[in-house]
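Asks: Build me a structure from this.
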Amino acid sequence: MCGIAGAVGVLSDRISKVRLLAQSLLHRGPDDYGEYDDDLCTLAMRRLSIIDVAGGHQPISNETGDVVSVCNGEIYNFKGLRKSLETSGHKFTTHSDVEVAVHGYEAWGEDVLAKLNGMFALAIWDRRVGRLLLARDRLGKKPLYYSARTDSLLFASELRSLLAVPDSRWTVDREACQDFCLRGYFPDDRTPITEIRRLRPGHVGVWSPREFSQRRYWKPSPAAVPGDRAEARETLFELLKDAVGLRLISDVPVGAFLSGGLDSSTVIAIAAGVLNARIPTFSVTFPNSPGYDEGGHARAVAQYFRCDHHEIPMSAAEFERIEDVIWSLDEPLADPAALPTLALSRAARKQVTVALTGEGADEVFGGYERYALSMRGSQLSKWIPGAGAAARAGLALRRKKSADDSTVSRTLRAMRDGGRNALHWSRSLAVAPAVFPERIRLLNEQWRAGERGNANGASRLSLVQLDDLENLLANSLLNKVDRMTMAASLEARCPYLDYRVVEFGLGLPDPWKMRGLTSKVLLREVARDLLPPTIFNRRKHTFRVPLASWLRGPLQPLLDAVCQSPVLAAFGIIDLVTVRQLANAHMDGHANYSRSLWALITLNVWLQEAGRRTRLDPSA
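Replies: Numbers count the residues shown, from 1 in each chain. Predicted coordinates for the structure are as follows:
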């Protein structure tokens, strides 16, 4: 786990700029520093030592020194790849997992990416032909940002690192910021800054002196699964066991985040109960908010598997330095669960350097309540004539509440906009339209125009899952996990996001993922043989904070600040009159605008912090 940075092409004072980028990534890699420089390319990295602690210094090169790589992340199947490459005559000088990327590139070119099972963002400089290759893992667990210029390119593990490049002027992307306020994350490859982009998950970018081109090397798609339910259950168990086992490989201590829900509990059951790993567990509790607190369930799982368990209590007082947390997120992300994730990571880092998590199980096995509502709602729309008209009438009766974040309003909007399409239902339920209703209408038109259909054989539920895997998961949830764990110099590993598990989950028939009120059906059957009944029978409990009530109480100063700040208006994103209207309606209890307001608070704080560090211009 590291932070990587680099620059290639004609760029004044290139090595100093790259060193500055690398220094800003110290929290991602406090254990080691390395750099490479020639007449056209400079690479640097900060290392958090996990595999081959003593010998895995980066950058790593081939035998002749003309292929050089820096990598952030872990390649879990490196031992098998190494054996194959050694058989072909390649000479290894370390025991690091990253070295297989270098020799694999020599042997297979860009096709090496399809052979890697792991989480990674890597750069490979081929001095022989003057070509730089950038790549991200299939699901986007590790980040990579770049700024492509006429005759050069800069890249780094974090957006804010690039913002600090001297003599740079950056433009705020107004349209992307408005989309952020609707979704809670930045879509596709966009960021708040027009000139800085993300490399997308499962993509490779290639720079040469003439161009920077990109292509997709992997796309999530359903795998063939056994037709027999018992055989499918056994196959899933073996896949999960292998995925967890690979992620236990480490030369430093490993622990796990434990919420007490099905997903993280099953990871613990396999790691501690099946593979006999003695790992400590860590969970967040909300002692003053019983409806949000899963501490007792997590404690019960830890005791069942005899884990050394640690609890971190949270309250609204923890948000007093929320500006620091938002800036640590690197790019704006409207997920208030970032703060408890950071607290969890800091507590875990005192004892371990690696933590297993349960991220991805909802997307892979159909766990979100939104999925059930989308499937049922779209089906009912087929059976009930005039459902859309009824929804419009219901929204009219709700008046100002029609655009709020309450469950009733979200459901009515989905019925109005989604019709018979489960994917449109899911998207409508996921967005918060209060700030930009006109933008929502445009998005609905774009979604309908770009409907993918069922050409790849995906089921109705799989289409919804694919949408989340490529958008919500990659651009929001995994961003949160990576930034908050790396802010504490902790590596997070996600067994459910092994690409083999993902493809298997997508290939399951819909009834094996969701049946009535039961979600993650097949995963639950696997867990039945591993967990106490009280855990695998629990209804889903989303990891969240009591944001709506906190904004009316201890977090009100944050709300007051965004209502008075000129930053959002200065960049042409939204006027303060609209912000104040939403805030007043929420404070009076007339509507729940917590998601919309938290997005505005997050974006406002981020733009203020960025503006203190660099020159930000409004979009044209």
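Asks: sec struct for the closest residue to Ala387 other than its chain neighbours, please.
Replies: Spatially, and ignoring its direct neighbours in sequence, Ala387 is nearest to Ser381 (4.6 Å; C-beta to C-beta, 6 or more residues apart in numbering). For the C-beta atoms, the positions are set from N, CA and C on the backbone; glycine is no exception. Secondary structure for Ser381, judged by DSSP: H, G, I helix; E, B strand; the rest coil, is helix.
Asks: pretty sure Ser381 contacts Arg416?
Replies: No. With contact defined as C-beta atoms under 8 Å, Ser381 does not reach Arg416; the gap is 10.0 Å.
Asks: Name the residues contacting each of the two.
Replies: Common neighbours of Ser381 and Arg416, using C-beta atoms under 8 Å, 6 or more residues apart in numbering, are Gly388.
Asks: which residue ranges form the helices in the stretch 1-150 of the chain?
Replies: With helices called from DSSP state H, counting those that start in this stretch, the stretch 1-150 of the chain shows them at 14-23, 78-87, 99-108.
Asks: Any buried residues in the second one, and which?
Replies: Neighbour counts over helix 78-87 (16 or more other C-beta atoms under 10 Å) mark 78, 81-82, 85 as buried.
Asks: Is it possible to get TSV of the residues you listed that adds pLDDT and distance to Pro340?
Replies: Shown next, in TSV, are the buried residues of helix 78-87 (pLDDT from 0 to 100; distance: C-beta to C-beta, whole Å):
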residue	pLDDT	distance to Pro340
Phe78	92	33
Leu81	95	37
Arg82	94	39
Leu85	95	42
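Asks: Would you point out the most distant pair within those?
Replies: Greatest spacing in those, by C-beta to C-beta: Phe78 and Leu85 (10.0 Å).
Asks: what do those two both touch?
Replies: Val100.
Asks: can you name the farthest residue from the center of the chain?
Replies: Distance from the C-alpha centroid of the chain, by C-alpha atoms, centre = their mean, peaks at Pro385 (39.1 Å).
Asks: which stretches of the chain have low pLDDT?
Replies: Across the chain, residues meeting the criterion (pLDDT under 70) sit at 1, 52-54, 288-293, 295, 319-320, 448-458, 536-545, 620.
Asks: How is it divided into domains?
Replies: Following the assignment in automatic domain parsing, the chain carries domains at 2-172+197-216, 229-366+463-536, 385-460, 547-617.
Asks: Would you reformat those as CSV and include distance to Ala223?
Replies: Listed next are the domains of the chain as CSV, based on distance: least, C-beta to C-beta, whole Å:
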stretch, distance to Ala223
domain 2-172+197-216, 13
domain 229-366+463-536, 4
domain 385-460, 11
domain 547-617, 34
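Asks: Of all the ones you listed, which one is nearest Arg190?
Replies: Of all these, it is domain 2-172+197-216 that lies closest to Arg190, at 6.9 Å by C-beta to C-beta.
Asks: where along the stretch 401-550 of the chain do the strands fall?
Replies: Using DSSP state E, counting those that start in this stretch, the strands of the stretch 401-550 of the chain run over 491-493, 514-515, 518-519.
Asks: Which strands border the second one, and is each parallel or antiparallel?
Replies: Sheet neighbours of strand 514-515, with direction, are listed as strand 518-519 (antiparallel) (DSSP bridges).
Asks: Leu442: how many residues sit nearby?
Replies: Around Leu442 there are 11 other residues, counting by other C-beta atoms under 10 Å.
Asks: for Lys115, same thing?
Replies: Burial measure for Lys115: 16 neighbouring residues, criterion other C-beta under 10 Å.
Asks: Fine, thanks again, bye for now.
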